[in-house]
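Asker: What follows is a predicted structure for the sequence shown.
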There are 2 protein chains.
Amino acid sequence: MIDADHKFMSMALDEAHKAAERDEVPIGAVVVHGGRVIARGHNLTETLTDVTAHAEMQAITAAADNLGGKYLTGCTLYVTVEPCLMCAGALGWSQISRVVYGATDEKRGYHTLCNNPFHKKTTVDGGVMAKECGQLMTDFFKKKR
Amino acid sequence: MIDADHKFMSMALDEAHKAAERDEVPIGAVVVHGGRVIARGHNLTETLTDVTAHAEMQAITAAADNLGGKYLTGCTLYVTVEPCLMCAGALGWSQISRVVYGATDEKRGYHTLCNNPFHKKTTVDGGVMAKECGQLMTDFFKKKR
């Protein structure tokens, strides 16, 4: 793991903690462009009563708004948990250059339903700070039971 | 094809025409609950500079807002073109009861990348007014070339 990945995934994890504080499934994301965070998001599906309000969706929309263009070429999205099909599809449309995720989602992660939903030029790295990212999810669902 | 499907797909097609008027890829959607249209949407990716602003995504968010709950059980979504992976994933999360689409999308439709992204209780019907829905897309892209 390179230092920058650790730094930005920690920021995504901070976002996930914000979701946890609102009793939302604790997933967070940041988008980085030129070494700078240009967008942040955390899951708000309960707060907004909207199944589309995942951390990645909000970060994608905010990043495009920041850049003034809908494509995220040259950007990296860090997200604490493997994207679901919806978010992977959105990342595909965005033509983002790199996706870095933490914990794998064996139940709803995109890999359970399809192989490569991303743009052909997108690189994907999973497992960055997987333990910390996954632990937050485990703790959340344990509390719910 | 049942009469109701024709009626609601015509409304989705009206939405698609609104997108065409804005020079957007002409796709429209409506959500029906208890025989009543509770949400409408058309593609606004260029206008909003946002790859996530597909017709379905907007209709899903608006329908949940109308119902006051995030799940669309008991609802049917009519969309003029087969949903992409992102929209199919969102429809999956929504637990919508039925999805009806018009034209098939051989390039970016969900079926090109995965088999069944929907909730296990969701029924899916394609090909309703496929000719009209597809023609609008063909005309749009012919004009763009």
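Answerer: Looks like it arrived, so ask away.
Asker: Residue A:40 belongs to a strand?
Answerer: Yes - applying DSSP: H, G, I helix; E, B strand; the rest coil, one finds residue A:40 inside a strand.
Asker: which residues touch it?
Answerer: Neighbour list for residue A:40: A:11, A:15, A:28, A:29, A:30, A:31, A:59, A:62 [criterion: CB atoms under 8 Å, 6 or more residues apart in numbering or on different chains]. Yep, even glycine has a C-beta here, placed from its N, CA and C like the rest.
Asker: could you measure it against residue A:79, distance?
Answerer: 11 Å (CB to CB, to the nearest Å).
Asker: Touching both of these two, which residues are there?
Answerer: Residues touching both residue A:40 and residue A:79 (CB under 8 Å, 6+ apart): A:28, A:29, A:59.
Asker: Could you tell me how many residues sit around the closest residue to the last one other than its chain neighbours?
Answerer: Taking CB to CB, 6 or more residues apart in numbering or on different chains, and ignoring the residues beside it in sequence, residue A:59 has residue A:41 as its nearest neighbour in space, at 3.8 Å. By other CB atoms under 10 Å in any protein chain shown, the residues close to residue A:41 number 27.
Asker: Alongside chain B, which residues does chain A contribute?
Answerer: Listed as neighbours of chain B in chain A under the rule CB under 8 Å from any CB of the partner chain: A:45-46, A:49-52, A:57, A:60-61, A:64-65, A:68-71, A:84-90, A:92-94, A:113-117.
Asker: From these, keep the buried residues only.
Answerer: By neighbour count, with 16 or more other CB atoms under 10 Å in any protein chain shown, these hold A:45, A:49-52, A:57, A:60-61, A:64, A:70, A:84-90, A:92-94, A:113-114, A:117 as buried.
Asker: Please flag which of those sit within helices.
Answerer: The helices in this structure, assigned by DSSP state H, contain A:57, A:60-61, A:64, A:85-90, A:92-94 from those.
Asker: what two of these are the furthest from one another?
Answerer: Greatest spatial distance among those (CB to CB): A:64 and A:85, at 20.3 Å.
Asker: Quick one, grab the pLDDT at the residue nearest to the spatial centre of chain A.
Answerer: Nearest to the geometric centre of chain A sits residue A:79, at 2.7 Å (CA atoms, centre = their mean). For residue A:79, the model assigns a pLDDT of 98.
Asker: So it belongs to a strand, correct?
Answerer: Yes - counting by three-state DSSP, residue A:79 is found in a strand.
Asker: For the spatially closest residue to residue A:84 that is not a sequence neighbour, grab the count of nearby residues.
Answerer: Distance criterion CB to CB, 6+ apart; nearest residue to residue A:84, sequence neighbours excluded, is residue A:108 at 5.0 Å. By the criterion of other CB under 10 Å, residue A:108 has 16 neighbours.
Asker: Residue A:108 touches residue A:87, doesn't it?
Answerer: No - look at residue A:108 against residue A:87 with CB atoms under 8 Å: they stay out of range, at 10.1 Å.
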